[in-house]
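> turn this into a structure:
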Amino acid sequence: MSQANSVLTGMPGLLAALIATELLSRSQRVGVLIPAAAYARFESLVRRISLRRDPGISVGRMEHLSSLENATGAEAWHFAPSGESAPGPLLESLRAASIGALNLVTTPYCGGQRWRWILPGGEPIADSSPVMTDFPVKRSFRTTLTLDSGHPEDIAQEGVLHFLSTLFDLKTEIDERTDDLFEYRGLRCLISPSTRVNILRTEQAAAIITAIADRTEAGDHVVAGADSLSGEDFLERIGDIYGVSLLPLDGKALFSRQLTAIDALLDRRLMNFAEHLGQPDREVIEHAYAAAGMASIPSDLDPAEFDDLVKAARQTQLSEHRALDSHASNPPEIRTTHSGGREFSYSTAGNGGEAVVLLNALGQGRKPLSRLTAHLSPRFRVLSWEPGGLDDSESEISLLDHVDDLATIVKREAPAGVHLVGWCTAPKIAAEFVLRHPDRVLSMTFLNMQVKCLENPLDFDTPYEIDFEALFRDLEQRPSTASWISTSLTSRGSEPDLDGMMETEADESEAVLATMNRDLRIPVLRPFRDANSTIRFARQMTDFWSYDVNNVAGQVDVPVLLLASEYDRIASPRASEWAHRLFPRARLLHAPGANHYFLYDRADVVARMIEWFVSGDGLPETSDEHRSPAALNSSVETVGSHGAEIQ
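Residues are numbered from 1 along each chain as shown. Take a look at the predicted model:
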């Protein structure tokens with residue numbers, strides 16, 4: 001790249017994209033020092049904004065940087081969430097590169113954080129290193145909540161858009177489980193009715209920041225709107241548009257009124273939204289506008305304009321959700337191969353990138369994996385495989401046969417190595433595969449892992465596992481009951497798991513979170529579609545339960561990420577916790593409020609976790625147990641990784 005005029009670092013999102021577009025409109029060369037996957041998303045956002053603003057802007061003047069080699073004298077822009085600063089190693093690198101000026105820009109939910117609630121504590125990974133001051137020019141900018149009409153890119157979900165996207169995600173999940181909960185139940189939000197919600201158009205914030213940077217040598221600036229909505233008005237307006245009653249609740253009131261599980265999940269995912277509320281002093285606001293060369297403060301974001309922006313954001317969210325489901329519903333490319341004299345099929349999606357093999361649970365079809373495939377395929381080449389052996393036309397298949405099938409796929413499609421992602425029963429297949437082919441596996445992600453073993457029973461089998469073990473033992477003695485079992489299970493497939501007789505709102509809330517998505521109620525009963533498939537599945541599960549992962553886990557020398565879901569009634573969260581202690585290079589994450597089908601309900605979150613674990617973007621250097629495959633497999637770091645967050 002030619003000499004950069006400006007360098008962007010940190011967690012660039014919507015605000016950064018607008019600033020980058022302004023810099024590009026001035027024919028500047030803009031370098032972006034972030035991980036490659038994050039840059040691809042950011043470049044797409046800048047391109048979309050520039051086309052909307054001025055198709056003549058040359059996005060080609062913006063390039064991805066892996067070092068600061070061509071940044072001498074450039075102006076640096078570092079973007080971080082409110083309350084954070086640039087990490088020390090990055091500042092050292094900028095100083096060593098003789099950066100001409102440093103601009104520190106912090107904004108609520110910088111770079112989009114709608115999935116970060118799943119990290120421990122629900123907080124983004126941060127570096128609290130002190131900010132050095134020995135730059136020729138140093139400015140800092142802090143914004144209140146920003147708002148735009150909505151963008152499909154996750155990294156654009158800053159400010160109020162984070163609140164809106166989080167609300168949309170949660171409401172959609174609940175609506176996909178039960179028809180009418182929000183027709184008679186509201187959502188409590190830890191926002192005081194009297195607090196002030198200061199909102200500024202994102203485009204206006206970018207214009208003020210760039211104007212101040214053009215005119216001043218130094219200073220600290222708060223960029224905010226002139227006025228604000230009350231917390232009560234803010235929630236009422238959004239609730240009317242999203243079709244849910246949002247109830248303000250002062251944190252002090254929690255002593256007398258408990259949040260339900262759904263309320264608490266919303267609060268967890270919002271990640272301390274109340275901390276970003278409040279109205280700055282008038283003097284502080286006037287100072288920023290004066291520094292930008294504005295004689296007077298522009299008119300406020302009036303309620304009608306606020307409503308229009310919220311409606312536009314919701315429409316974008318609806319369109320994206322429909323597009324995802326349409327993509328997930330597209331028939332995959334099917335390929336056929338042979339293993340052990342048997343013919344079997346697998347699917348492939350995506351045009352490039354590293355290979356990820358999605359290992360399905362025994363007996364399951366493609367539906368539970370469909371959304372995850374859609375989210376992963378833009379970044380990875382995704383191979384999906386459905387363990388067979390249930391059809392009359394097939395021979396019966398053991399767990400070790402499944403391992404051989406997987407070996408055939410990997411040898412044919414990705415001999416250089418794959419990332420394995422196994423759901424439910426599949427992690428046992430993955431563990432045995434890596435023992436046999438350690439050079440073919442780069443990492444493994446286990447989603448809601450089942451570890452049940454008949455020979456060495458554990459004390460955390462779920463009622464589901466206990467009941468089916470008894471059912472399958474009885475079926476082995478009395479095969480004639482297979483038809484009754486099949487009919488009994490499938491007849492309940494379209495029925496909701498809620499009985500409508502919950503004594504309290506708290507009970508109802510937990511029952512909803514534990515309930516399966518309606519899209520999956522029939523597909524997950526695929527093993528019981530007839531008497532023969534029921535018998536075959538029972539034999540597969542008995543064989544699966546004879547395999548003891550405790551005997552092999554200690555020999556697995558690849559990084560493993562385990563996910564456990566709070567309301568998983570199929571595989572106990574304790575199973576993943578137990579397995580976490582067995583695998584030498586494992587990390588465990590808990591998904592609050594999730595159930596066994598989290599990979600379908602929140603496929604975007606699971607996909608981003610996999611991407612993060614595979615690439616190591618933004619992972620802090622702590623102990624080996626908290627490091628990524630990239631960090632565990634190499635101790636080499638580049639300047640480009642310093643201060644980078646998961647985008």
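> quick one: residues contacting Trp385.
346-347, 357-360, 405-406, 409 (Cβ atoms under 8 Å, 6 or more residues apart in numbering). C-beta: built from backbone N, CA, C; applies to glycine.
> let's go with 7 Å and repeat that
346, 357, 359-360, 406, 409 (Cβ atoms under 7 Å, 6 or more residues apart in numbering).
> and Thr210, by the same measure?
Thr210 neighbours (Cβ under 7 Å, 6+ apart): 19, 22.
> hang on, it in a helix?
Yes - assigned with DSSP: H, G, I helix; E, B strand; the rest coil, Thr210 falls within a helix.
> show the pLDDT at it.
What the model reports as pLDDT for Thr210 is 96.
> which stretches of the chain have low pLDDT?
1-2, 121-133, 251-257, 492-503, 616-647 (pLDDT under 70).
> chain center to the lengthiest helix in it: distance?
Determined from DSSP state H, the single longest helix within the chain is helix 303-329. Centroid separation for helix 303-329 versus its chain: 18 Å, with Cα atoms, centre = their mean, to the nearest Å.
> ok so, going back, so which of the contacts of Trp385 belong to strands?
Among these, the ones falling in strands (DSSP state E) are 346, 357, 359.
> so can I have a markdown table of the residues you listed showing neighbour count?
Shown next, in a markdown table, are the ones in strands among the contacts of Trp385 (neighbours: other Cβ atoms under 10 Å):
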| residue | neighbour count |
| --- | --- |
| Tyr346 | 22 |
| Val357 | 26 |
| Leu359 | 29 |
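> contacts for stretch 552-564?
431-432, 434-435, 438, 441-449, 573, 576-577, 579-580, 582-591, 609, 613, 628-629, 632.
> report the buried members of these.
431-432, 434-435, 441-449, 573, 576, 579-580, 582-583, 585-589, 591, 609, 613, 628-629, 632 (16 or more other Cβ atoms under 10 Å).
> neighbours of Pro415, how many?
Neighbourhood size, Pro415 [other Cβ atoms under 10 Å]: 11.
> quick check: the residue nearest to it when sequence neighbours are not counted vs Gly554, distance?
Nearest non-adjacent residue to Pro415, counting by Cβ to Cβ, 6 or more residues apart in numbering: Arg440, 7.3 Å away. To Gly554, Arg440 is 20 Å away according to Cβ to Cβ, to the nearest Å.
> those two - which one has more neighbours?
Taking other Cβ under 10 Å, Arg440 and Gly554 do not tie; Arg440 has more neighbours (19 against 10).
> measure the more buried one to Asp401 for me?
For Arg440 relative to Asp401 (Cβ to Cβ), the value is 18 Å.
> Ala591 now?
For Ala591, the distance to Asp401 - Cβ to Cβ - is 31 Å.
> run through who's touching stretch 57-76.
Identification of contacts with stretch 57-76 by Cβ under 7 Å, 6+ apart yields 1-7, 9, 20-21, 24-25, 28-33, 36, 39, 43, 46-47, 50, 93-94, 97-103, 638-640.
> apologies, that question was intended for stretch 578-591.
Contacts for stretch 578-591 (Cβ under 7 Å, 6+ apart): 118, 449, 451, 458, 549-550, 553-554, 556-566, 573, 576-577, 598, 609, 624-626, 632.
> taking those one by one, which sit in helices?
Reading helices off the contacts of stretch 578-591 with DSSP H, I get 573, 576-577, 598, 609, 632.
> which one of these is nearest Ala206?
Relative to Ala206, the closest of the ones in helices among the contacts of stretch 578-591 is Met609; by Cβ to Cβ it sits at 30.4 Å.
> the nearest residue in space to Glu173 that is not next to it in sequence - how many residues pack around it?
Computed as Cβ to Cβ, 6+ apart, the closest residue to Glu173 that is not its neighbour in sequence is Asp601, at 5.2 Å. By other Cβ under 10 Å, the residues close to Asp601 number 27.
> one more: Pro136?
12.
> and it, that's in a helix?
No - Pro136 is assigned coil when assessed by three-state DSSP, not a helix.
> ok, it touching Gly100?
Yes - counting by Cβ atoms under 7 Å, Pro136 does reach Gly100; the two are 5.8 Å apart.
> now for those two: what residues contact both?
Counting by Cβ under 7 Å, 6+ apart, Pro136 and Gly100 have no shared contacts at all.
> and the next helix or strand after the longest helix of the chain, which residues are buried?
Downstream of helix 303-329, the next assigned helix or strand under DSSP states H and E is strand 333-339. Residues Ser339 are the ones in strand 333-339 that count as buried (16+ other Cβ under 10 Å).
> who touches strand 333-339?
Outside strand 333-339, the residues that reach it (Cβ under 7 Å, 6+ apart) are 343-348, 404-405, 408-409, 412.
> what's the answer for stretch 268-276, then?
82, 108, 113, 116-117, 122-123, 145, 163, 166, 170, 190-191, 592.
> again, 8 Å this time
82-83, 108-109, 113-114, 116-117, 122-123, 144-145, 159, 162-163, 166, 169-170, 189-192, 195, 251, 592-593.
> so for it, first residue to last residue, what's the gap.
One end of stretch 268-276 to the other measures 15 Å (Cα to Cα, to the nearest Å).
> one step back: with respect to Leu369, which of the ones in helices among the contacts of stretch 578-591 is nearest?
Nearest to Leu369, judged by Cβ to Cβ, of the ones in helices among the contacts of stretch 578-591 is Phe598 at 12.4 Å.
> and that closest one, what does it touch?
Counting by Cβ under 8 Å, 6+ apart, Phe598 has contacts 447-448, 563, 565, 591, 605-606.
> repeat that with 10 Å
118, 173, 372, 423, 447-448, 563-568, 591, 605-606 (Cβ atoms under 10 Å, 6 or more residues apart in numbering).
> from Leu399, how far out is the nearest residue to Ser546 once chain neighbours are set aside?
Excluding its sequence neighbours, the residue lying closest to Ser546 (Cβ to Cβ, 6+ apart) is Leu454, at 5.8 Å. Separation of Leu454 from Leu399 (Cβ to Cβ): 13 Å.
> neighbour count: these two, which is higher?
Remark: of Leu454 and Leu399, Leu399 carries more neighbours, 18 against 14, as counted by other Cβ under 10 Å.
> hmm, that one is touching Cys453, no?
No - using Cβ atoms under 10 Å, Leu399 is not in contact with Cys453; the gap is 11.9 Å.
> identify the contacts common to these two.
Joint contacts of Leu399 and Cys453 (Cβ under 10 Å, 6+ apart) are 428, 544-547.
> who wins on neighbours among these?
Lys428 (27 neighbours).
> what helix or strand is His590 located in?
strand 586-591.
> does Pro523 really touch Asn360, like I thought?
No - counting by Cβ under 10 Å, Asn360 is not a contact partner of Pro523; they are 11.2 Å apart.
> need the overlap of contacts for those two.
Counting by Cβ under 10 Å, 6+ apart, the residues touching both Pro523 and Asn360 are 366-368.
> compare those residues and tell me which is most surrounded.
Neighbour-wise, the shared contacts of Pro523 and Asn360 (other Cβ under 10 Å) top out at Pro368, 24 neighbours.
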